[in-house]
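> Provided below for reference: sequence and predicted model.
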Amino acid sequence: MDAIQEAFVHRLSESGITLNEKQLDQFENYYKILVEWNEKMNLTGITDRDQVYTKHFYDSVSLAFYIDMEKVSSLADIGSGAGFPGIPLKICFPHLRLTIVDSLNKRINFLKHVADSIGLEQVELLHGRAEEIARKHGHRDGFDLVTARAVARMAVLNEFCLPFVKVGGQFAAMKGSDPSDELKEASRSLKELRGTLGKVHSFSLPVEESDRHIVVIDKKGATPAKYPRKAGTAAKTPLI
């Protein structure tokens, strides 16, 4: 274990998350595959190893500082891109049944390669628009926890993500800057999609201290039949 991994392990252990050798190997191999594939396709602007461990891996796992992952069986990551936060959370909590939805097939192929290469099981990778997949049996109102990291404003995200959450489950939006204005704008979408604001957690990333916020929404009722609307509608005409 080198200094970068030691710092990563130490920071996670401060929040009660311990990693074994196998998990550390999985993170390191994930990093190597990310950098290799990033030369062929645009997955991330961050490739420096130290920065990937902090800004992608640690940042992804930070969700588990505020939500007890041991009580979560099924996790859906919407618009996951290069697999954040879903894959790092799955590495740390192997019991999770992870579903990742992404609209770009190239990224899904990358994630299949990652999952196969580092030995992740119970990972479902779906190519398609969130608005279409959320209407499918087994996915609609189907997950304990749904997350999205830096995908869109809350008024749009609620329509992408809340239809996947089971009644009594949670949606956690992972944000950078203070989401207060977004949350005011999103009040109608929350009401329409049967969500209520639980809590907003804020913290800073280690070393560079950039702001992070995790918005936790509780799902109070089944998704109304008219939602989500057709693909593209939420982004063009959000529920505000």
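It's in.
> need the contact partners of stretch 31-51.
4, 52-53, 55-57, 81-82, 106-107, 110, 113-114, 117-118 (CB atoms under 8 Å, 6 or more residues apart in numbering). In this view, the C-beta of every residue, glycine as well, is placed from N, C-alpha and C.
> and these, which of them are buried?
Among the contacts of stretch 31-51, those classed as buried by 16 or more other CB atoms under 10 Å are 4, 52, 53, 55, 56, 57, 81, 82, 107, 110, 114, 118.
> break down this protein into its strands, ranges please.
Using DSSP state E, the strands of the chain run over residues 74-78, 97-102, 123-127, 143-149, 165-175, 195-204, 211-219.
> can I get those strands in a markdown table including distance to residue 16, mean pLDDT and mean neighbour count?
Output for those, formatted as a markdown table (distance: least, CB to CB, whole Å; pLDDT from 0 to 100; neighbours: other CB atoms under 10 Å):
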| stretch | distance to residue 16 | mean pLDDT | mean neighbour count |
| --- | --- | --- | --- |
| strand 74-78 | 19 | 98 | 26 |
| strand 97-102 | 21 | 98 | 23 |
| strand 123-127 | 24 | 98 | 17 |
| strand 143-149 | 18 | 97 | 25 |
| strand 165-175 | 18 | 98 | 21 |
| strand 195-204 | 15 | 97 | 14 |
| strand 211-219 | 16 | 97 | 20 |
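> same list, the ones you listed, but as a markdown table with distance to residue 64 please.
Listed next are these as a markdown table, based on distance: least, CB to CB, whole Å:
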| stretch | distance to residue 64 |
| --- | --- |
| strand 74-78 | 11 |
| strand 97-102 | 13 |
| strand 123-127 | 17 |
| strand 143-149 | 10 |
| strand 165-175 | 10 |
| strand 195-204 | 12 |
| strand 211-219 | 10 |
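> what's the closest of these to residue 10?
strand 195-204 (16.2 Å; CB to CB).
> packing partners of that closest one?
If you count contacts as 3 or more CB pairs under 8 Å, 6 or more residues apart in numbering; DSSP states H and E, strand 195-204 packs onto strand 165-175, helix 187-192, strand 211-219.
> coming back round to it: between the buried ones among the contacts of stretch 31-51, which is closest to residue 217?
Lowest distance from residue 217 to these (CB to CB) belongs to residue 81, with 21.0 Å.
> which residue is the nearest non-sequential neighbour of that closest one?
Leaving aside its sequence neighbours, residue 81 sits nearest to residue 107 (CB to CB, 6 or more residues apart in numbering; 6.2 Å).
> what's the answer for residue 228, then?
In this structure, residue 228 finds its nearest non-sequential neighbour in residue 131, 4.2 Å apart by CB to CB, 6+ apart.
> and that neighbour, what does it touch?
Taking CB under 8 Å, 6+ apart as the test, what residue 131 contacts is 159, 160, 228, 229, 230, 231, 232, 233, 234.
> just residue 8 next, same as before
The contact partners of residue 8, by CB under 8 Å, 6+ apart, come to 27, 53, 54, 57, 58.
> out of the strands of the chain, which comes closest to residue 184?
Of all the strands of the chain, strand 195-204 sits nearest to residue 184, with 10.6 Å by CB to CB.
> which of the buried ones among the contacts of stretch 31-51 fall within helices?
4, 107, 110, 114, 118 (DSSP state H).
> the fourth one - nearest residue in space that isn't next to it in sequence?
In other words, residue 114. Leaving aside its chain neighbours, residue 114 sits nearest to residue 33 (5.5 Å; criterion: CB to CB, 6+ apart).
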